[in-house]
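Undergrad: whatever this is, show me its structure:
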Amino acid sequence: MSVVFGPNTRGVLQFLTRIEDLSAQQIDRVAGLWRQTSSQTRAEAWAEVRRTTTEEERYRILVAASAARRAALDTALNHQRHDWAFWAAVWDAVMAIAVCDRIGGHYDVLIAPVAAVMPSLEVCRPDRLGARLLSDTMCGRSGQP
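TA: Here you go, the predicted model:
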């Protein structure tokens, strides 16, 4: 597979396909949880992403984040939701997915709001993340706990 969206392109692609499946209630939950996360903690996680990636990887990760934000905006609009915290949470999540195991516990910080409605994101194993997301999608799981 080509490396389009950073080190974990497969996981990113699977995540992008799942965003549109979120319900209005899930969008609201993600936005609320994102707001509860400390901005300093998020900044530390972002710094770890920067520290553990090359310039080229960061470029690809930002491309993934842009695609995820667009998907989040479209999904939110489809549900008449206009809370920017939702797309910000999706932006953080896709960055975490892209680098996965490289950022240690910072993964949990960035992924937590979205993982609350997509439990398959909780575990970061690059060899399994894409397969698990795909399995959840194909089995018709909604990602609700």
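
Undergrad: wait, R69 touches V90, no?
TA: Yes: with contact defined as C-beta atoms under 8 Å, R69 and V90 form a contacting pair (6.4 Å). Bear in mind the C-beta positions are built from the backbone N, C-alpha and C, glycine included.

Undergrad: just for this structure, where's the confidence low?
TA: 1-3, 6, 122-145 (pLDDT under 70).

Undergrad: ok, and the closest non-adjacent residue to G32?
TA: With sequence-adjacent residues excluded and distances taken as C-beta to C-beta, 6 or more residues apart in numbering, G32 is closest to A85, at 7.6 Å.

Undergrad: could you do Q80 as well?
TA: A24 (7.4 Å).

Undergrad: how close does the one you found sit to E57?
TA: 34 Å (C-beta to C-beta, to the nearest Å).

Undergrad: which one's more surrounded, the two?
TA: Higher neighbour count among A24 and E57: E57, with 18 against 13, using other C-beta atoms under 10 Å.

Undergrad: touching, that one and T9? I think so.
TA: No: between E57 and T9 no contact is recorded; they are 10.8 Å apart, counting by C-beta under 8 Å.

Undergrad: who are the packing partners of the longest helix seen in the chain?
TA: Longest helix of the chain, by residue count under DSSP state H: helix 55-78. Applying 3 or more C-beta pairs under 8 Å, 6 or more residues apart in numbering; DSSP states H and E, one finds that helix 55-78 makes contact with helix 9-19, helix 39-51, helix 84-99.

Undergrad: try it again with 10 Å
TA: helix 9-19, helix 24-36, helix 39-51, helix 84-99 (3 or more C-beta pairs under 10 Å, 6 or more residues apart in numbering; DSSP states H and E).
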